[in-house]
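>>> Got a sequence here, can you build the structure:
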Amino acid sequence: MKLSSRKLERGTQIELQMTSMIDVVFLLLIFFMVTAAFVRTERNLDPAIKVKRSSAAQTKMDFEPTIVDVEAGDDGRGVFRLGSRQITSTEELTDLLKMMGNKVDGAFVRVSDDAPFRMAAAAVQACKAAGYTSVSYVPSQ
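Have a look, this model is predicted:
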């Protein structure tokens with residue numbers, strides 16, 4: 001049963017218009033190139049403080065990390081605490097930090113809630129001025 005009355009012509013080929021398809025492909029290519037994110041993911045970033053992992057058979061490190069505590073003093077001005085020492089001036093803290101070793105591993109500035117902000121900022125600046133490669137701010141609990 002023949003549904004069409006047209007006769008099939010032999011030897012003719014169907015031509016497709018490829019111009020619009022190429023345009024669409026290039027538009028998609030440009031869209032994906034423009035919207036792609038070329039930022040390194042957070043898990044690939046290097047941390048500021050390096051942690052050396054050692055086995056139990058190895059000896060303990062000679063140096064402990066430098067921890068500067070910033071606390072509110074009795075007079076409300078605030079004090080720096082480095083180990084058992086209490087320091088009130090930023091210059092004295094900087095001089096003391098310059099004498100300490102192990103500057104490559106960085107320093108921690110631990111600040112209590114009631115300490116003045118300027119003291120916390122001064123402690124971070126003192127660590128940087130003393131030559132520490134990285135300084136981490138840690139809120140005290």
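
>>> What ranges does this structure have for its helices?
Here the chain has its helices, by DSSP state H, at 19-35, 90-99, 117-130.

>>> among the ones you listed, which is the most enclosed?
Highest mean neighbour count of those: helix 117-130, a mean of 19 (counted as mean count of other CB atoms under 10 Å). Where you see a C-beta, it was placed from the backbone N, CA and C, and this is true even at glycine.

>>> now the angle from that helix to helix 90-99?
Helix 117-130 and helix 90-99 are oriented at 40 degrees to each other (axes from the mean of the first three to the mean of the last three CA atoms, to 10 degrees).

>>> Return helix 117-130 as PDB; C-alpha atoms alone will do.
Only the C-alpha atoms of helix 117-130 are listed here, as PDB (Å, rounded to 0.1, in the frame of the first residue of the first chain):
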ATOM      1  CA  PHE A 117      41.000  44.500  70.600                       C
ATOM      2  CA  ARG A 118      44.000  46.800  70.300                       C
ATOM      3  CA  MET A 119      46.000  44.400  72.500                       C
ATOM      4  CA  ALA A 120      45.100  41.500  70.200                       C
ATOM      5  CA  ALA A 121      46.100  43.400  67.100                       C
ATOM      6  CA  ALA A 122      49.300  44.600  68.900                       C
ATOM      7  CA  ALA A 123      50.200  40.900  69.700                       C
ATOM      8  CA  VAL A 124      49.700  39.800  66.100                       C
ATOM      9  CA  GLN A 125      51.900  42.700  64.900                       C
ATOM     10  CA  ALA A 126      54.600  42.000  67.500                       C
ATOM     11  CA  CYS A 127      54.800  38.400  66.300                       C
ATOM     12  CA  LYS A 128      55.100  39.600  62.600                       C
ATOM     13  CA  ALA A 129      57.700  42.200  63.600                       C
ATOM     14  CA  ALA A 130      59.700  39.500  65.500                       C
END
